[in-house]
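**Q** just the structure for this:
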Amino acid sequence: MTDSAADLLVRLNLNFDDSRAIELLELGGGHYCFRYYDGQDQRVVTLELDADFRVLGEMGARTPEYDGDDDYFPQHCGH
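**A** From the prediction side, this is the model:
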């Protein structure tokens, strides 16, 4: 297994200036869930990976700020 979610971001060649690793979770059975923030598209991306860190599936969700939903994160500081 890789050392961290940030290391995996580099390994998958997703380490752009505006991308940020969020978490890497082991799901069991040799599968992993990797989440990262894609700043260009302003979305959180979830990748399902196999034991060799090959992508099995991808799902993305836009952030509420991108969609203009100001009430979704009422305590968001705006930084």
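**Q** so the residue positioned nearest the centre of the chain bridges to which residues?
**A** Nearest to the mean C-alpha position of the chain, by Cα atoms, centre = their mean, lies residue 36 at 1.7 Å. For residue 36, the beta-bridge partners under DSSP bridges are residue 21, residue 45.
**Q** quick check: the gap between it and residue 24.
**A** Remark: distance between residue 36 and residue 24 (Cβ to Cβ, to the nearest Å) = 9 Å. All C-beta spots, glycine's among them, are computed from the backbone N, C-alpha and C.
**Q** for residue 62, which non-adjacent residue is spatially closest?
**A** residue 43 (4.7 Å; Cβ to Cβ, 6 or more residues apart in numbering).
**Q** so who does residue 17 touch?
**A** Contacts for residue 17 (Cβ atoms under 8 Å, 6 or more residues apart in numbering) come out as residue 39.
**Q** so where's the chain uncertain?
**A** Along the chain, the parts satisfying pLDDT under 70 run over 1-3, 64-79.
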